[in-house]
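1. after the sequence you'll find the predicted model.
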Amino acid sequence: MRIYLPATLDEIGPGLALAERRAHAVTPALRALLPEEDDEGLEYVAQVTAADDAVGLLAVRPGAPRLRVVVAADVPDGEVTEDPAEPPTAVVVAGAVRLAEVVCLLVDEPEAVADVVGAVGGDQAARDRLDERDLLWYDVSEIDAVPRG
């Protein structure tokens, strides 16, 4: 199953092993909520929701560079369970997600730092501006090229 895991830049590197946390995926609950949406649109909803969670993760990791990170990974279906909490994309992954499972990284461009800082601090206008930004796509082989803020 493809999952979208919120992360921080200080967690990203060759020895990547992201500890268990809430992730996002295309779940039956999401399909039921958006029955007219195609798979690509549903994947986008899961990715954007993970990016929102990355802001919350940055709030509790003050030393991490101030850019949102979403790790897209393919994990065995048996390691993923739906999280009954909102949002309908929420899933729990059993165990750590390792580099071998990562497909790509989605990261804010460095110019987003001010808006990320504002959003982490509770500025709704900054959060709205982040919602308008697309995350940059990096293949897992480009992990060393990801901007660090």
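-> Done, it's in. Residues are numbered from 1 along each chain as shown.

2. what are the contacting residues of the helix or strand containing P6?
-> Assigned by DSSP states H and E, P6 belongs to strand 2-7. Defining contact as Cβ atoms under 8 Å, 6 or more residues apart in numbering, one finds that strand 2-7 is touched by 18, 21-26, 43, 46-47, 49-51, 53-54, 56-57, 68-75, 80, 89, 91, 93, 97, 103, 106. Where you see a C-beta, it was placed from the backbone N, CA and C, and this is true even at glycine.

3. residue at max distance from the center of this protein?
-> Largest separation from the mean C-alpha position in the chain: E36, at 23.7 Å (Cα atoms, centre = their mean).

4. got the contact list for G56?
-> G56 touches P6, counting by Cβ under 8 Å, 6+ apart.

5. okay, and it sits in which element?
-> Assigned by DSSP H and E, G56 falls within helix 39-59.

6. now that helix against strand 2-7, angle please.
-> Angle between the axes of helix 39-59 and strand 2-7 is 20 degrees (criterion: axes from the mean of the first three to the mean of the last three Cα atoms, to 10 degrees).
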